[in-house]
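Enquirer: Turn this into a structure:
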Amino acid sequence: MSFLDNYEDVAARIRRLHATYPSNRVETSLVDFSAEKGFILVECRIYRHYEDEKPAGIDYAFGRVESYNVQMKRWFVEDTVTSAIGRCAGLVLGSETRPTLQNMQQVETMPKAFVEKEEVDLWAASISEDGFTTAAQAIKTIQSQLGGQLENQPPSCKHGHRVLIEGMGKTGKPYHGYKCTEKSRADQCEAVWYNLSSDGKTWKPQL
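Expert: Below is the predicted model:
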């Protein structure tokens, strides 16, 4: 018996989705992509019924071409989209594991050079390229260099996990908060804003 026996195949999840919710609607969208740097971030939203206004689940998949073996590199975009659908279907239907069988097979067959270079848990790895930094690497940088303390995961609302928004305002004052992922602005939950503490390193929720 292989450890992979504990993971569900994406096709099986999709069949289970159609059997449970015959009139379901699946939407995928591109969050970020760079053909030059070889990465893609895909969002998937699944609605139990086609006419539903709110998605039953929202999930994401990140793909990096370097992590694929030679035979699969050309299909890393398609594979990432499929992964997003599989993860989201597991969220909607309920599953003992969030990763799919394909996710774990990719980890098992990942090029040795890539694994040796990372030397970290692949599910917790901070994937980065020049000019592109993931949230995981950003958190490590803040914690090691600035001494900042961040939450383990972003706050959520009825639409799922919020998205971090930060930058520098027109007045030169930095801002930091979490925005609702609902696409319809009329239905979006109010953003959660943070204040920078007196030490200039830690963000704390506004009271």
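
Enquirer: got a list of what the nearest residue to Thr20 once chain neighbours are set aside touches?
Expert: Distances taken as CB to CB, 6 or more residues apart in numbering put Leu93 closest to Thr20, at 6.2 Å, once the chain neighbours are dropped. For every residue, glycine as well, the C-beta is placed using N, CA and C. Applying CB atoms under 8 Å, 6 or more residues apart in numbering, we find Leu93 in contact with Arg13, Arg16, Leu17, Thr20.

Enquirer: Leu93 and Pro22: what is the separation?
Expert: 13 Å (CB to CB, to the nearest Å).

Enquirer: And Glu182, by the same measure?
Expert: Glu182 is 25 Å from Pro22, by CB to CB.

Enquirer: The two: who's more crowded?
Expert: Glu182 (18 against 9; other CB atoms under 10 Å).

Enquirer: For Gln71, see how far away that one is.
Expert: In this view, Glu182 and Gln71 are 39 Å apart by CB to CB.

Enquirer: now swap in Tyr178 and tell me
Expert: Per CB to CB, Tyr178 is found 40 Å from Gln71.

Enquirer: These two: who's more crowded?
Expert: Neighbours were counted for Tyr178 and for Gln71 using other CB under 10 Å; Tyr178 has more, 22 against 8.

Enquirer: Kindly export the longest helix seen in the chain (C-alpha atoms) in PDB.
Expert: Using DSSP state H to assign secondary structure, the helix with the most residues in the chain is helix 76-93. Taking Å, rounded to 0.1, in the frame of the first residue of the first chain, the C-alpha atoms of helix 76-93 are listed here in PDB:
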ATOM      1  CA  PHE A  76       2.200  23.100 -16.200                       C
ATOM      2  CA  VAL A  77      -0.500  25.700 -16.900                       C
ATOM      3  CA  GLU A  78      -3.200  23.200 -17.600                       C
ATOM      4  CA  ASP A  79      -2.100  21.100 -14.600                       C
ATOM      5  CA  THR A  80      -2.300  24.100 -12.300                       C
ATOM      6  CA  VAL A  81      -5.800  24.900 -13.400                       C
ATOM      7  CA  THR A  82      -6.800  21.300 -12.900                       C
ATOM      8  CA  SER A  83      -5.200  21.400  -9.400                       C
ATOM      9  CA  ALA A  84      -7.200  24.500  -8.500                       C
ATOM     10  CA  ILE A  85     -10.500  22.800  -9.600                       C
ATOM     11  CA  GLY A  86      -9.600  19.600  -7.600                       C
ATOM     12  CA  ARG A  87      -8.700  21.500  -4.400                       C
ATOM     13  CA  CYS A  88     -11.900  23.600  -4.600                       C
ATOM     14  CA  ALA A  89     -14.100  20.600  -5.300                       C
ATOM     15  CA  GLY A  90     -12.600  18.900  -2.200                       C
ATOM     16  CA  LEU A  91     -13.500  22.100  -0.200                       C
ATOM     17  CA  VAL A  92     -17.100  22.100  -1.400                       C
ATOM     18  CA  LEU A  93     -17.700  18.300  -1.200                       C
END
